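> The following block contains a protein sequence and its predicted model.
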Amino acid sequence: MELDTAILQKLADHFQEATGVQVMLVSPSGELLLRSIRDNICDVFHLEHPAGIGFIREWSEEMTAPSNDDKFAEPLSPFGYPVLFNAIATSNGPIGMLIACGFTFEEPDWKNVERMAKRHGFDPGAYANAVGKMPVLSSQEGYRKFKATFQLLALSIEQTISSNMILDEQRRKLEESSRFYHSLLEFNHAIILLINPNNGKIVDASLGAAEFYGYPIKKLQGMRFTEINISSEDEMIASIRSIDGNNVRSFPSVNKLANGDTRNVNVFLTSVAFNGYTYIFCIVQDITRQKEFEGEMRKAREKLYNVQKLEAMEALASGIAHDFNNILSSLMGYAELARIHPDRETYIQSILESGDKAKELVRQVLTFSRQVELNPQAIAISGLIGKTVKQFKKNIPSGIDIIVEIDDNVPAIFADPVQIQQLLINLMGNACQAMKEEGTMRILLERSGNDKRQVRIVVSDTGCGISDEIKPKIFDPFFTTSELKERSGLGLAIVYGIVKELKGTIEIESVVDEGTKVIVDFPSTDSRDKDEIQASLEPIQGEGERLLLIDDEESILAIGKLMLESYNYELITYQDSTQAMQFIKDQGATIDAILLDYAMPNMDGVQLINELRQFFPNIPVFIITAYYEQLPNLQGVANAVIEKPLDWVAISQILHRTLHP
């Protein structure tokens, strides 16, 4: 360590000016580090003599030895004069000793002075002159004050050196921090930004940030953080200022590059102190490829779902065909009775009820086979289990019994009905495969959990069971023990994915040759099943409004005209979209609403709407379709979409709400 000699020199000089006594600072090895500037007998004569040099070195070792408890000493020098020593030490160890010399306690004995000069080889006259200049501390009080002043000087020197050491350490750490900071940014390929929390400006940036954003570092320095983030300025400033202490905050964002491209990123923020200021240290993680990979995985997962859905449809096909044939038989029978029997009302009502059953069955098939995003909702699954089991059991060996135990009071769960159907069909299919031609399958729906607010589905069988070797693999995609080569092996993997997506748990208990039990628990929701709340609809009469119905199916036009005119509407029908468009151009001002089929030859429903809007932008338009799930987004194009098979009572409700808001 280098001493700050300027301050120490002033302290030593002030002491000599006040007392007339010279002071010196000597290292542990006896090296002279500092002395007050005025000539004194010590530095002129005594320190130049071998006896003086040896004396100083001996006492330097004594005063700086670790075992020395007394910092202060008052020995006599080899020349017969008193000397004061005070050890100087800091927390880092000894620095040396402070010496006060060149004073006496009594007037000199000049004969003795002459003898001392001759003994040590000094010039007698010059030596006597130097002795005559020494301060005489003859009184005890005077010496006590002098000693106290000397010890105060020693303490001041210690504190000065300690302060100097602290400053040196701080300076060293600052230099190390500065070197680390510059090396961290200048050569680092990570995306790092240093941000001023008060105004959101980028103070500095790493090489990696310049490479990522496409700006030179000099350009990034001074840009606002909001200039590279697709977020509101207020939101970004609030995020920066929310950093408190050493906590780390992270959030997803979208960054924009110099060339206009965007990247999905995770932003990590924390506060750092540097050069006496507090900054926000920001690390940016590019997750664009990760997002793209997640999107690809989602598409792949949807494809797997669709592959497995075909297997499930195969399992249901026989049951669906059986139900549909029953409905058709009922429709044809009641229609024949209505044709020949004078009391038609009862048969017509039965025909309508059979039509509703057919409509519901078609809806189930379309819903289950659709290839669109799932639509989670609050559902009560007791009825869903009953329907699925009913259709499934028609396609299994007669030797397999299915026992269903359902608690109708279980709460609803938040899921898409398709997910629950897939889960049930897979579990029932696995159970049937395990039992081959005969056995018992039990399906249980009950409450579970400590608060009885969970929903438990249990599917058990009396089949071959699962060995311990196979158990770890049963949820792996494409793993199957089935002998049917056309099976994909996706069943339990799909089940596992559905359970995890719905925040549930799944457990399998199995004993070889005794059977398997699959226990699935789902969290409940307090919402009621939307399908349970169905308002009874009655037709609402119109007020003579003029409607235009466009459909390429002649039977739709015929029944539509009869039904809507019975609801007090005037109806005009067209089977050709081009002719209908010409009629709209000629008489559109007289039309109150238009109902048109989406899948029309020559011009589809959206094209027709876009063209008619050029002439009559405010006419209410309703799209009719049998392919609701495959339609593009029609928000802002049509007033509503009406699904086939058409419910004319519901249509009367929609027309009334639109024409009489």
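Nice, thanks for sending it over.
> The residue nearest the centre of the chain is in what secondary structure piece?
Taking C-alpha atoms, centre = their mean, the centroid of the chain lies closest to residue 251, which sits 5.7 Å from it. Per DSSP states H and E, residue 251 falls inside strand 249-256.
> Repeat that for residue 134.
Judged by DSSP H and E, residue 134 forms part of no helix or strand.
> mind checking how far it is from residue 197?
Distance check for residue 134 against residue 197: by C-beta to C-beta, to the nearest Å, it reads 65 Å. To be clear about C-beta, it is placed using only N, CA and C from the backbone, and glycine gets the same treatment.
> Residue 105 now?
Counting by C-beta to C-beta, the gap from residue 105 to residue 197 is 67 Å.
> Looking at those two, which is more packed in?
Taking neighbours as other C-beta atoms under 10 Å, residue 105 and residue 197 compare with residue 197 leading, 17 against 13.
> Look up the pLDDT of that one for me, please.
For residue 197, the model assigns a pLDDT of 81.
> do residue 122 as well
pLDDT, residue 122: 89.
> for residue 349, same thing?
pLDDT, residue 349: 76.
> secondary structure class for it?
helix (DSSP: H, G, I helix; E, B strand; the rest coil).
> Ok, residue 518 next?
Classified using three-state DSSP, residue 518 is strand.
> And for residue 439?
Per three-state DSSP, residue 439 ends up strand.
> Against residue 127, how distant is the closest residue in space to it that isn't next to it in sequence?
Distances taken as C-beta to C-beta, 6 or more residues apart in numbering put residue 462 closest to residue 439, at 4.3 Å, once the chain neighbours are dropped. Separation of residue 462 from residue 127 (C-beta to C-beta) stands at 123 Å.
> Read off the pLDDT value for the residue nearest to the centre of the chain.
Residue 251 is given a pLDDT of 78.
> pLDDT score assigned to the residue nearest to it when sequence neighbours are not counted?
Once flanking residues are discounted, residue 251 sits nearest to residue 267: 5.8 Å by C-beta to C-beta, 6+ apart. Per-residue pLDDT puts residue 267 at 84.
> Just the buried positions in the helix or strand hosting residue 267, please.
For residue 267, the host element (DSSP H and E) is strand 262-274. With burial defined by 16 or more other C-beta atoms under 10 Å, the residues of strand 262-274 counted as buried are 263, 264, 265, 267, 269, 270, 271.
> Would you agree the last one is in contact with residue 281?
In other words, residue 271. Yes - the criterion here is C-beta atoms under 8 Å, and residue 271 meets it with residue 281 at 7.1 Å.
> Confidence-wise, which helix or strand of the protein is lowest on average?
helix 233-241 (a mean of 64; mean pLDDT, DSSP states H and E).
> on that earlier part again, residue contacts, the residue nearest to residue 439?
By C-beta atoms under 8 Å, 6 or more residues apart in numbering, residue 462 lies in contact with 435, 439, 440, 441, 514, 515.
> ok, it to residue 518 distance?
In terms of C-beta to C-beta, residue 462 sits 14 Å off from residue 518.
> Same check on residue 607?
Taken as C-beta to C-beta, the span from residue 607 to residue 518 is 51 Å.
> Between those two, which has more neighbouring residues?
residue 518 (22 against 13).
> in what helix or strand does residue 547 lie?
strand 546-550.
> For that strand, give the mean pLDDT please.
93.
> C-terminal to it, what's the next element?
Downstream of strand 546-550 (by DSSP H and E), the next one is helix 554-566.
> tilt between that next one and strand 546-550?
170 degrees (axes from the mean of the first three to the mean of the last three C-alpha atoms, to 10 degrees).
> Touching helix 554-566 from outside, list them.
Contacts of helix 554-566 (C-beta under 8 Å, 6+ apart): 542, 547, 549, 551, 571, 573-575, 595, 597, 624, 646, 648, 651-652.
> again, but for stretch 327-338
Under C-beta under 8 Å, 6+ apart, the answer for stretch 327-338 is 344, 347, 348, 350, 351, 354, 355, 357, 358, 361.
> Output it as CSV, nothing but the C-alphas.
Backbone C-alpha positions of stretch 327-338 (Å, rounded to 0.1, in the frame of the first residue of the first chain) are rendered in CSV as follows:
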residue,chain,number,x,y,z
ILE,A,327,-84.9,-42.5,-35.8
LEU,A,328,-85.5,-42.9,-39.5
SER,A,329,-87.8,-45.8,-38.9
SER,A,330,-89.7,-43.8,-36.4
LEU,A,331,-89.9,-40.8,-38.8
MET,A,332,-91.1,-42.9,-41.7
GLY,A,333,-93.6,-44.8,-39.6
TYR,A,334,-95.2,-41.7,-38.0
ALA,A,335,-95.2,-39.9,-41.4
GLU,A,336,-97.1,-42.8,-43.0
LEU,A,337,-99.6,-42.8,-40.0
ALA,A,338,-100.1,-39.1,-40.4
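> That stretch: which residues count as buried?
327, 330, 331, 334, 337, 338.
> Repeat that for stretch 588-595.
591, 592, 593, 594, 595.
> where does the fourth one sit relative to residue 654, distance-wise?
From residue 594 over to residue 654 the distance is 13 Å, taken as C-beta to C-beta.
> Backbone dihedrals for the residue of the chain positioned farthest from its centre, please?
For the chain, the C-alpha farthest from the mean C-alpha position belongs to residue 111; by C-alpha atoms, centre = their mean, that distance is 94.5 Å. Torsion angles at residue 111 (phi, psi; degrees, to the nearest 10) stand at phi -70, psi -40.
> Then residue 619?
According to degrees, to the nearest 10, residue 619 has phi -70, psi 130.
> A helix includes residue 227, no?
Yes - assessed by three-state DSSP, residue 227 belongs to a helix.
> That one and residue 602: what is the separation?
Residue 227 is 52 Å from residue 602, by C-beta to C-beta.
> if we can go back for a sec, specify the beta-bridge partners of the residue nearest to residue 251.
Residue 267 has the following beta-bridge partners by DSSP bridges: residue 251, residue 284.
> how about residue 51, what does it touch?
78, 79, 120.
> Now residue 656: which helix or strand?
helix 648-659.
> List the buried residues of that helix.
651, 652, 653, 654, 655, 656.
> wait, which of the residues you listed is closest to residue 28?
Checking these against residue 28 by C-beta to C-beta gives residue 654 as the nearest, at 102.0 Å.
> Is it possible to get a markdown table of the buried residues of stretch 327-338 that adds secondary structure and pLDDT?
Below are the buried residues of stretch 327-338 laid out as a markdown table (DSSP: H, G, I helix; E, B strand; the rest coil; pLDDT from 0 to 100):
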| residue | secondary structure | pLDDT |
| --- | --- | --- |
| 327 | helix | 73 |
| 330 | helix | 70 |
| 331 | helix | 75 |
| 334 | helix | 74 |
| 337 | helix | 73 |
| 338 | helix | 76 |
